[in-house]
Every structure is written in C-alpha cells, then in structure tokens.
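Visitor: Quick one, fold the following:
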Amino acid sequence: MKSSITMAALLAAVSAFPLTSMAQTSDAAATSESANEGVLASGDIVVTALRRDSTLQETPISIAALSGDTLRDMGSSDLSGYFRQVPNLNVTQGQIGSSRISIRGVNAAGEATVGLYYDETPVTGPSGTTQDPGSVAANLNLFDVERVEVLRGPQGTLYGASSMAGTLRIIFKKPDASTYETAAEAEASAIDGGGTGYGAKAMVNIPIVEDKLAVRLVGYYQKKPGFIDNVRYGDKNINDNTARGVRALIGYEPGPDTTVTATAIYEKSKADDLQGWYPQVGRYKTDSRVRLPFRSEMQLYNLKADQDFGFATLTATGTYYKFNIVRAVDFTPAVAACSATNWMRIARQSG
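Guide: Have a look, this model is predicted:
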C-alpha cells in the first residue's frame with residue numbers, strides 16, 4: 001500500500017493543528033453502533049437528519065456527524081478522507097471528483113445504495129455514461145463545511161430513492177450578514193515511490209446589508225499525486241489528477257422568520273490516465289498501449305426559502321444539477337477477440 005505525507009497550513013495565521021481523535025458520546029458508542037452514536041468536536045453537534053434541529057443524543061436513529069472544524073483539523077479534504085473516521089462508512093475513490101459510497105457493506109453495481117446530499121440537493125451519478133452510475137458519485141471538496149452527517153440504515157421515507165443503505169449529508173456554511181470573514185489554507189503532499197501534490201483553498205464572507213444580505217464565496221484547486229508507472233512507454237506517475245472549483249452562496253433575510261438561500265457550485269476535474277494497474281506487470285505498474293484520460297464537469301444551482309411559523313417550518317427548494325463525464329475506454333482486447341473469432345469462422349467456411 002502506498003503511504004502518503006500531507007502538510008496543511010493556514011495562510012491567515014501561522015498555526016499548527018494536531019490530528020484529533022474522535023470523541024464519542026459514550027464509551028459504548030466507541031465500540032458498538034448505537035442509535036445515538038456520533039462524533040463530537042466541541043460540545044453537541046446539532047443535526048437536521050430528521051428534517052428538524054436536534055442534537056445527536058436526541059436523534060433516535062443511528063447517526064454519526066463531524067463538524068467542519070474537526071474535518072479541517074484532521075486534514076480531510078474530501079469524502080475519501082472523511083470515511084476513515086466513521087464506522088460502517090466506506091468511500092472507494094475512483095477518478096478525482098467521483099467515488100462509490102457504501103454503508104454497512106451494502107454495495108452493488110448499478111444505481112447508488114447511499115443517498116448523497118449537498119445541503120438539500122440529492123446528487124446522483126450521471127446515468128447514460130456508464131452501466132454503474134453509483135460508482136461516480138460527485139465528491140466535492142469539503143472546505144468551509146458546517147458538518148457532515150451519516151445516517152445509517154434505510155432512509156427512503158425522508159430521502160427517497162437510492163437511500164437503501166443510508167444517506168450522507170454535507171451541510172455547507174451559510175452566509176453571515178453580521179460579520180466579515182476570510183479563511184485560507186494551503187497543502188502539500190507526497191507519495192512514497194510516486195509524485196508530489198499541492199492545493200490551495202480560500203473563503204470570503206461579505207455582508208452587503210447588515211443582518212439582511214450576505215454572500216459567501218469559496219474557491220479551491222487541488223492536485224493529487226500519481227504513483228502508477230507505464231512500463232511500456234517509461235511514463236511515471238500517470239494517474240495524477242487535478243480538480244478546481246468555486247462555490248457561491250447568497251443569504252437573504254427579508255424578515256425575522258424568513259430566510260432565502262441561493263447556492264451555485266461549479267467543479268471541473270481531470271485525470272491523464274486510468275486509476276488502475278496490472279498485477280501481472282508489477283506492483284503499481286501497467287503496460288497499457290493507450291492512455292485513458294478522464295474528464296468531469298459538475299454544475300449545481302439551488303434556491304431555497306424557509307418560513308418559520310413557530311410550530312413548524314415550511315421549506316421550498318428548487319435545483320438544477322448537471323454532471324458530465326468524458327472518459328476513454330480501451331476496447332482493443334474485445335476487438336482483437338472478435339477479429340480472431342471471425343477469422344477462424346471464415347477459415348472453416350473456406351476450408
């Protein structure tokens with residue numbers, strides 16, 4: 001297994017954040033999956049898994065949650081880093097910007113078994129580009145995130161289709177009309193026997209009308225190092241990949257009980273070659289004759305309005321979501337096999 005070293009530094013101030021271990025709600029929760037199991041950062045995390053605000057202890061389902069500050073301190077930049085901290089959650093990283101998510105081992109080719117939500121928007125793999133859309137769930141950068149929630153077990157009642165095994169919710173930080181705020185991070189990484197990577201992220205929160213209107217902007221760029229070599233052509237680290245994206249949120253409060261939030265997300269990622277190697281050639285090596293590049297582009301636009309009536313909250317939301325994938329597939333072995341079969345058939349007919 002390849003080992004990696006990652007260094008992250010906040011550009012806004014010189015400080016070091018040690019890795020922090022998870023603090024569970026109880027000793028029993030650290031060793032078994034209970035209804036109120038969760039991960040606490042500082043105090044109780046308020047979640048909205050049941051479409052209402054409640055603490056982890058008050059939520060009567062199997063749920064785990066990590067705050068954005070804890071994710072930052074652990075150095076988790078996407079879901080592939082987050083899943084290592086949560087029992088029963090597994091994220092199989094594919095090309096950058098996509099992954100397969102499973103909970104409690106429930107996993108199958110085809111449609112996803114875990115519902116993936118960014119705020120209130122369900123995000124699915126692009127149908128038509130593959131027979132296995134569940135393997136290309138959009139995996140966005142987790143910078144400037146309020147919290148991540150993992151709901152274990154079937155969640156179809158509240159979250160609809162593709163939630164047979166559970167639901168994963170990523171809640172972004174919202175615009176704050178009361179204060180100006182900035183944050184930035186830089187990171188560098190290296191893989192033993194592979195290449196080097198780097199990245200940068202930044203956020204700015206700008207109040208436009210005090211206590212009424214604000215905008216929150218996030219931008220990031222990340223290059224993940226490769227470690228697979230093509231021995232046929234002598235190319236090194238052919239599976240390095242990059243992702244860049246922007247996120248904009250506008251928050252408006254026309255009245256004390258009314259909130260309107262508009263969200264726009266754009267991310268573009270690419271990989272120069274396949275994220276796979278051939279054991280018969282050597283560990284982390286391939287002899288592929290052709291390059292198999294991968295490109296993806298995701299756009300998400302959401303408008304949500306909340307009206308608090310005291311005894312209940314009415315939420316109206318609308319979303320436009322587009323996820324395009326362009327990838328190369330090598331059919332040379334299949335063509336060669338068909339050609340050989342046809343040649344033998346013709347030879348028998350001729351003879």
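Visitor: going forward, measure contacts and count neighbours with C-alpha atoms only.
Guide: Noted.
Visitor: Which of the three states applies to Thr261?
Guide: strand (DSSP: H, G, I helix; E, B strand; the rest coil).
Visitor: Who are the contact partners of it?
Guide: Going by CA atoms under 8 Å, 6 or more residues apart in numbering, Thr261 touches 249-252, 303-305.
Visitor: Most neighbours among those, please name it.
Guide: Neighbour counts for the contacts of Thr261 peak at Gly251, which has 24 neighbours (criterion: other CA atoms under 10 Å).
Visitor: Tell me which stretches of the stretch 51-200 of the chain form strands.
Guide: 54-55, 63-67, 89-93, 98-103, 114-118, 121-122, 137-138, 145-152, 166-172, 181-191, 196-209 (DSSP state E, counting those that start in this stretch).
Visitor: Among the contacts of Thr261, which lie within strands?
Guide: Taking DSSP state E as the definition of strands, the contacts of Thr261 contribute 249-252, 303-305.
Visitor: What are the contacting residues of stretch 275-290?
Guide: Contacts for stretch 275-290 (CA under 8 Å, 6+ apart): 94-95, 227-233, 239, 330.
Visitor: got these as CSV, with distance to Ile265, secondary structure and neighbour count columns?
Guide: Putting these into CSV (distance: CA to CA, whole Å; DSSP: H, G, I helix; E, B strand; the rest coil; neighbours: other CA atoms under 10 Å) gives the following:
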residue, distance to Ile265, secondary structure, neighbour count
Gly94, 21, coil, 17
Gln95, 19, coil, 26
Phe227, 30, coil, 22
Ile228, 31, coil, 25
Asp229, 34, strand, 21
Asn230, 35, strand, 22
Val231, 39, coil, 14
Arg232, 40, coil, 12
Tyr233, 38, coil, 12
Asn239, 26, coil, 25
Asp330, 32, coil, 12
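Visitor: Relative to Ser162, which of these is nearest.
Guide: Gly94 (19.4 Å; CA to CA).
Visitor: So, low pLDDT: which residues of the stretch 251-351 of the chain?
Guide: Within the stretch 251-351 of the chain, the stretches with pLDDT under 70 are 333-351.
Visitor: Tell me if I am right that Trp277 is in a helix.
Guide: No: Trp277: not assigned to a helix; according to three-state DSSP it is coil.
Visitor: distance of it from Arg283?
Guide: Distance, Trp277 to Arg283, using CA to CA, to the nearest Å: 7 Å.
Visitor: Check Gly115 too.
Guide: On the measure of CA to CA, Gly115 and Arg283 end up 34 Å apart.
Visitor: Looking at those two, which one has more neighbours?
Guide: Gly115 (27 against 12).
Visitor: who's in contact with the more buried one?
Guide: Here Gly115 is in contact with 122-124, 159, 161-164, 166-168 (CA under 8 Å, 6+ apart).
Visitor: Go again with 6 Å.
Guide: Gly115 makes contact with 162-163, 167, according to CA atoms under 6 Å, 6 or more residues apart in numbering.
Visitor: Looking at neighbours, which among those residues is most surrounded?
Guide: Thr167 (29 neighbours).
Visitor: Just give the closest residue to that one, not the sequence neighbours.
Guide: Nearest residue to Thr167, sequence neighbours excluded (CA to CA, 6 or more residues apart in numbering): Gly115, at 4.4 Å.
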